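Enquirer: structure of the sequence below:
(one chain, ligands or ions: 2)
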Amino acid sequence: MIVVMNPESSPEQIEDVKSAVIKQGYTPRPVPGTQGQWIGIIGEKPIRGRRHFESLSGVKQVVEISSPFKLASREWRQQDTIISVGDARIGGDRVVFIAGPCSVENLEQTLSVAKIVQAAGASLLRGGAYKPRTSPYSFQGLGLEGLKILRQAGDATGLPIVTEVMDTETVGLVEEYADMLQVGSRNMQNFSLLKKVGKSKKPILLKRGLAATVQETLLAAEYILNAGNEKVVLCERGVRTVSDHTRFTLDVSAIPAIQRLSHLPVIVDPSHAAGKRQSVLPLALAGVAAGAQGVMVEVHPDPAKALSDGPQQLLPDDFQNLVEQVRKVALAIGRKA
Ligand code: PEP
Ligand code: MN
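Expert: Ligands and ions are numbered 1, 2, ... in the order given. Below is the predicted model:
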């Protein structure tokens, strides 16, 4: 519920409303972008006392937030949220590029990809040090060594780095090295992890679960916001369907749906949806045409030798071409790229 004060209400009246909220057993929260004029009330139990709050002096109206997610909703914040990661800004009318290898394999590979994607227009470098693999016999990532390599590549190029954190135990370590923490699809409903990264000061890239609805995705984001971290970027990366021609089905329709319901930025990952290189570009274009505020793709200097996701990783020239094509679509729909 949100208590909306009259624009001419006095600081004392605002304080009185806050005290009334506390007296009812709730915590008042400032609603972003309203200069303290809107007071949010969020709790585990249904919020009571609407009439009471309406009767307090200086109150214009009381608005119930109808969606199950509150802090993530457009009712909570009308304007698009823009998230800063280093010099990069994600959200609003921009389209940013996040690129890098699926896995960090060694310094030479990571550094060469970092330089290539930066030259081609990427604003962030991605790369997995801790890898969620379907098979325990697949390459599991370099762990701490991978974090160090990624940091080195980030520092060498000036690109902020985003990497996945798979469990609560390694959040502290990954935070030390990364500029943005990724919660992968397979962990979208790992509630302990969501609460833990919600305590982090670093922005979070939250990927939609393989079979998660839009509402479940936004409720997962709500866990992070509710724990105190307001810097969440969502990522559509495809969901499981009956399709056997693709790894996952990129649900482009989820992008405008999320943007209608939420103020959080939404990016698209065509690489994991496609599963194969030749489908990455068309899916990236479709995602941006549908409103995605960023594109995250996997790039490898020699995909045939990649230790994970070789078939879907782009060659350096493919990435350069993707950036050029995506920019055309972005400009055509009135975005900045
Ligand atoms: C990744 O981006 O490295 C990844 C593993 O993706 P997802 O969680 O979407 O499968
Ligand atoms: Mn991958």
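
Enquirer: and the residue of this structure closest to ligand 1?
Expert: Scanning the chain for the residue nearest ligand 1 gives G184, at 3.1 Å (criterion: CB to the nearest ligand atom). Backbone N, C-alpha and C define where each C-beta goes, glycine included.

Enquirer: what mean pLDDT would you report for stretch 247-260?
Expert: On average, the pLDDT along stretch 247-260 is 98.

Enquirer: what's that stretch in contact with?
Expert: Residues from elsewhere that reach stretch 247-260, judged by CB atoms under 8 Å, 6 or more residues apart in numbering: 74, 208, 210, 214, 217-218, 234, 236-241, 243, 264, 266, 268, 270, 272-276, 283, 286-287, 289-292, 312.

Enquirer: show me what counts as buried in that stretch.
Expert: Buried positions in stretch 247-260, judged by neighbour count with 16 or more other CB atoms under 10 Å: R247, F248, L250, D251, V252, A254, I255, A257, I258, Q259.

Enquirer: other SSEs contacting the longest helix seen in the chain?
Expert: In the chain, ranked by residue count with DSSP state H as the criterion, the top helix is helix 316-332. Applying 3 or more CB pairs under 8 Å, 6 or more residues apart in numbering; DSSP states H and E, we find helix 316-332 packed against strand 96-100, helix 107-120, helix 280-289, strand 294-298.

Enquirer: closest one to ligand 2 among those?
Expert: Ranking the helices and strands packed on helix 316-332 by their distance to ligand 2 (criterion: CB to the ion) puts strand 294-298 first, at 5.5 Å.

Enquirer: give me the helices and strands touching the closest one, please.
Expert: Strand 294-298 is packed against strand 96-100, strand 266-268, helix 270-274, helix 280-289, helix 316-332, with contacts defined by 3+ CB pairs under 8 Å, 6+ apart.

Enquirer: export these to a markdown table and tack on mean neighbour count and mean pLDDT?
Expert: Written out in a markdown table, the entries for the helices and strands packed on strand 294-298 read as follows (neighbours: other CB atoms under 10 Å; pLDDT from 0 to 100):
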| stretch | mean neighbour count | mean pLDDT |
| --- | --- | --- |
| strand 96-100 | 27 | 98 |
| strand 266-268 | 28 | 99 |
| helix 270-274 | 26 | 98 |
| helix 280-289 | 22 | 98 |
| helix 316-332 | 17 | 98 |
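
Enquirer: redo the ones you listed as a markdown table? Include distance to L150.
Expert: Written out in a markdown table, the entries for the helices and strands packed on strand 294-298 read as follows (distance: least, CB to CB, whole Å):
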| stretch | distance to L150 |
| --- | --- |
| strand 96-100 | 8 |
| strand 266-268 | 19 |
| helix 270-274 | 17 |
| helix 280-289 | 22 |
| helix 316-332 | 18 |
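
Enquirer: for these, which one sits closest to F69?
Expert: When those are compared by CB to CB, strand 266-268 sits nearest F69, at 14.2 Å.

Enquirer: which residues sit in contact with Y177?
Expert: Listed by CB under 8 Å, 6+ apart, the contact partners of Y177 are L147, K148, L150, R151, I161, T163.

Enquirer: the first one reaches A129, doesn't it?
Expert: Yes. Taking contact to mean CB atoms under 8 Å, the distance of 4.7 Å between L147 and A129 places them in contact.

Enquirer: between those two, tell me which one has more neighbours.
Expert: Neighbours were counted for L147 and for A129 using other CB atoms under 10 Å; A129 has more, 29 against 24.

Enquirer: doesn't Q140 make contact with that one?
Expert: No. Applying CB under 8 Å as the test, A129 and Q140 come out as separate, 10.0 Å apart.

Enquirer: hmm, back to that, what's the closest of the buried residues of stretch 247-260 to ligand 2?
Expert: Relative to ligand 2, the closest of the buried residues of stretch 247-260 is R247; by CB to the ion it sits at 10.1 Å.

Enquirer: for the helix or strand where I39 lies, give the mean pLDDT please.
Expert: If you go by DSSP states H and E, I39 is part of strand 38-42. Per-residue pLDDT values across strand 38-42 average out to 93.

Enquirer: within the sheet, what are the partner strands of that strand, with directions?
Expert: For strand 38-42, the pairing partners within the sheet under DSSP bridges are strand 2-5 (antiparallel), strand 27-30 (antiparallel).

Enquirer: can you show me the helices along the stretch 151-300 of the chain?
Expert: Counting by DSSP state H, counting those that start in this stretch, one finds helices in the stretch 151-300 of the chain at the ranges 171-177, 191-197, 214-226, 254-261, 270-274, 280-289.

Enquirer: any chance of those in a markdown table, plus distance to I14?
Expert: Written out in a markdown table, the entries for the helices of the stretch 151-300 of the chain read as follows (distance: least, CB to CB, whole Å):
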| stretch | distance to I14 |
| --- | --- |
| helix 171-177 | 35 |
| helix 191-197 | 30 |
| helix 214-226 | 23 |
| helix 254-261 | 28 |
| helix 270-274 | 46 |
| helix 280-289 | 42 |
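
Enquirer: how's the chain carved up into domains?
Expert: With automatic domain parsing serving as the domain definition, the record reports that the chain contains domains spanning 2-63, 83-332.
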